[in-house]
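okay, here's the prediction I keep looking at, along with the sequence it came from:
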Amino acid sequence: MASNRLPFTYQRAAGKLDRRPSPGGLVSALEPALTKQGGVWIGWPGIELRKGERLADDDLDYGLAPVRLTENDVQRYYHGFSNRTLWPLFHSLPDVTQFERRDWQVYADVNHRFADAVAKNAPESSLVWIHDYHLMLVPELVRRERPELRSAFFLHIPFPPYDVFRLCPWDRQLLRGVLACDLVGFHVPGYALNFLDCCERRLGLRVDRDKMVVEHGDRTIQVGDYPIGVEFGAFEATAMNQPSAPLGQERVVLGVDRLDYTKGIPERIRAFERLLELHPDHREKVVLLQLAVPSRSQVAEYRELKREIDELVGQVNGRFATAGWSPIRYLYRSVPRERLCALYRDAHAALVTPLRDGMNLVAKEYVACQVEDPGVLILSRMAGAAETMREALQVNPFDLDETASAIHRALSMEEDERASRMASLRRRERRDDLDSWTSTFLTAAEAHHAELQPLTAAEIEGWLRPFIKQYPLCLFLDYDGTLTPLVDHPSKAKLGRPMRRALEACAERDDTDVSIVSGRALGDVRKQVGDDRLIYAGNHGLEIEGPGIEHFSHEDLVHYAGRADALAEELDAVASFGAWTEAKGPTLTFHYRAVPRSKRRAMIDKVRTIMTSAGYQARDAHEAVEARPPIGWDKGRAVLHVLRDRYGPAWSEHVRVIYVGDDLTDEDAFRFLAGLSLTFRVGSADTPTAATHRLANTTAVQALLEWIGKRRVAKD
Ligand code: GDG
């Protein structure tokens, strides 16, 4: 299991390491889970460890593996990107969200370090469980190192709507990071649906909202809602065994939070003030007891909030206090768990009014501790907990009048209503407790997940029909990896029969031009496809020919073709471990697919140097490096050439364009066509793309071509 914090935060006292439990809901939830389950907890110990320093874990039922962070890491990764960017953004508070590139870079760096620790510590065939917004890139990095491990991710905070999420300049990287897992879990269905929206709209992935799955290349990722619970039995037992909390004569309305701007503490104090204004009969009879655990005090917004709360408490107390009574009792510190349980038990009402909250465990702990005279839970609708805790008095925390009136109602509620509401709440929380959450989530993580059904004609129709309308269509297709699956040698890439038929059906149509745009030499790709009705662009478009188009050969072609032999010889000299050079006239491709991963880096570096010294451009392709003449000509330019030749400079008014490709070199065409056409990148979403859509594999490409070949044109 990996989370930002270990369950303990360490301090150095008299040369020794002291530990105390880390604050917050995540640790409250996971510590009992791992104690029961066993495993290794990977996280930050909250202190800079000295070289060779170990954390004792002999007294625990699980191991501890610390991730070492420097002061700068903590500043940028934790206080910076995690808490100044992701925390407010995911709570839908873009106004307080800051985007700093440097913070993002350190976040990515630190995620690498967590991933290394996971890869090193995870036993063979174990499940890796990664937690929360601090570690969103970890799953992808772990999969790279240990592809055989199953992994699951759980987000403890809300996942925001698409409109908010996309404000993050690195939104797609975050999605891709998490999608390396087999299961991605959230507290409530709304967050899971937001996540699916973002996968669909930002990464162009197919999603199925009934089965709650996302298609990511050849993998299907299960997404789901797993509302967390609390250790009901343990809270109940502690509450039963505690002496009365020394609360005085007044009735107590209790607030318990980390001091955080999402928890709505100032709004709560104002709502309480409103209660005293509207219902003077509560004066001197009720107090608001607010516990605020210090949190993230290194972030300016949190220090500012602390000041605001101090002032507000002073104001309200100054306004209403009498000689023997102050309306607000405010404790800025953590109290021991036993005392907290006694407070929960004895409070007449709990005021849990976050502005937004992933779940909120305080609401659940309060309910678990209601073992005597039943109290009333007042709960914000913006907390994930509100989805299930329907018997609470639910409020909009921004509406002070509504909250004040809910407090009034709670304080005046008859015993039988309080008892009925509390009994229902307790029944559910006892059943859906922390144990049940852990086992449900882990069972789902180990289970075989639903597969997304293959791309249907209806889905394709939804993308293409509104775009093509009654226009003729110009279809551009890459060959290797797009029309044929990738194989270990280009000579083995043969067009399958169904794909050939689908292609022919497109070529037969008067209203459809088909061009094949390939990195292969023109003669080669032409021979592979063997259909004279098509236009062929070889060598990334340096040579183009086909019906209705003037033969084109780039003017520098001969010059570079003349130099290629010498370059090929040089490249052959470094091609070991099954690497080889494909000569294609003016361009060359150095294939390293067969080379062991550990040998690749050094070989690629050499190859790139040889290519550049020979006056070529070295460009990455799929497990290959291409030597390309540095003449600013690529697949994008080739597409433009064909379109202008066939339809004139105003081509975009006469024809609709679709481009399908799987390779890095197709990105030139995707970028050129952005905003002008529909573009499809074939394969997983691991690599970024400028394409508008993704197709999982060549089967999906075939389905697309079949639809295009058969499409009916509306007359209107
Ligand atoms: C995140 C999400 C989600 C508080 N004061 C004291 C104290 N606490 C404990 C509570 C509770 C925990 O801290 C707070 O948990 P929450 O769930 O309310 O909030 P976050 O820390 O923001 O947690 C949240 C949670 O993760 C789990 O997924 O529910 O939405 O934001 O356990 O008891 N504990 C003690 N003394 C205190 O003074 N001992």
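Looks like it came in fine. What you see is a predicted model, and the numbers here were worked out from it, not measured in a lab. Numbers count the residues shown, from 1 in each chain.

quick one: the residue of the stretch 51-200 of the chain found nearest the ligand from residue 363, how far?
Closest residue of the stretch 51-200 of the chain to the ligand, C-beta to the nearest ligand atom: residue 156 (3.5 Å). C-beta coordinates here come from the backbone N, C-alpha and C atoms, glycine included. For residue 156, the distance to residue 363 equals 15 Å [C-beta to C-beta, to the nearest Å].

residue 294 too?
For residue 294, the distance to residue 363 (C-beta to C-beta) stands at 21 Å.

settle it for me: which of these two has more neighbours?
With neighbours defined as other C-beta atoms under 10 Å, residue 294 and residue 363 compare such that residue 363 has more, 26 against 13.

quick one: the host helix or strand of that one near the ligand?
Under the criterion of DSSP states H and E, residue 363 resides in helix 361-368. Yes: contact of helix 361-368 with the ligand (C-beta under 6 Å from any ligand atom) involves 361, 362, 365.

tell me the phi and psi of residue 634?
phi -150, psi -170 (degrees, to the nearest 10).

wait, it touches residue 663, no?
No: in this structure residue 634 lies outside contact range of residue 663 using C-beta atoms under 8 Å: 11.5 Å.

settle it for me: which of those two has more neighbours?
Neighbours were counted for residue 634 and for residue 663 using other C-beta under 10 Å; residue 663 has more, 27 against 22.

Provide a list of residues in contact with that one.
Neighbour list for residue 663: 478, 480, 481, 482, 519, 621, 622 [criterion: C-beta atoms under 8 Å, 6 or more residues apart in numbering].

against residue 528, how distant is the spatially closest residue to the second one that is not a sequence neighbour?
If the residues on either side of it in the chain are set aside, residue 480 comes closest to residue 493, at 5.2 Å by C-beta to C-beta, 6 or more residues apart in numbering. When C-beta to C-beta is the yardstick, residue 493 and residue 528 sit 7 Å from each other.

hey, which helix or strand in the chain has the poorest pLDDT?
Across the helices and strands of the chain, mean confidence by mean pLDDT, DSSP states H and E is lowest for helix 25-37: a mean of 83.

contacting residues for the nearest residue in space to residue 298 that is not next to it in sequence?
Computed as C-beta to C-beta, 6+ apart, the closest residue to residue 298 that is not its neighbour in sequence is residue 79, at 5.1 Å. Taking C-beta under 8 Å, 6+ apart as the criterion, residue 79 is in contact with 296, 298, 299.

can you select the buried ones among those for me in ChimeraX?
Per 16 or more other C-beta atoms under 10 Å, the buried members of the contacts of residue 79 correspond to this ChimeraX selection:
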select :296,299
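
which of the contacts of residue 79 sits closest to residue 123?
If you rank the contacts of residue 79 by distance to residue 123 using C-beta to C-beta, residue 296 comes first, at 33.8 Å.

distance between the ends of stretch 281-292?
27 Å (C-alpha to C-alpha, to the nearest Å).

tell me the contacts of the residue in the chain that the ligand sits nearest to?
Taking C-beta to the nearest ligand atom as the measure, the chain has residue 25 as its residue closest to the ligand, at 2.5 Å. If you count contacts by C-beta under 8 Å, 6+ apart, residue 25 has them with 156, 358, 359, 360, 361.

circling back: now do the shared contacts for residue 493 and residue 528.
residue 479.

between those two, tell me which one has more neighbours.
Using other C-beta under 10 Å as the criterion, residue 493 and residue 528 rank with residue 528 on top: 20 against 17.

the closest residue to residue 542 other than its chain neighbours and residue 620: what is the separation?
Spatial nearest neighbour of residue 542, excluding adjacent residues (C-beta to C-beta, 6+ apart): residue 554 at 4.4 Å. To residue 620, residue 554 is 22 Å away according to C-beta to C-beta.

which residues touch the residue nearest to the spatial centre of the chain?
Of all residues in the chain, the one closest to the mean position by C-alpha atoms, centre = their mean is residue 175, 3.3 Å from it. Contacts of residue 175 were listed using C-beta under 8 Å, 6+ apart, and they are 195, 198, 199, 202, 203.

which ones among those lie within helices?
Among those, DSSP state H puts 195, 198, 199, 202, 203 in helices.

find the residue closest to the last one in space, skipping its chain neighbours.
Spatially, and ignoring its direct neighbours in sequence, residue 203 is nearest to residue 685 (4.8 Å; C-beta to C-beta, 6+ apart).

what of the first one?
Counting by C-beta to C-beta, 6+ apart, residue 195 lies nearest to residue 159, which is 4.8 Å off, once chain neighbours are set aside.

wait, isn't that neighbour in contact with residue 192?
Yes: with contact defined as C-beta under 8 Å, residue 159 reaches residue 192; the gap is 7.4 Å.
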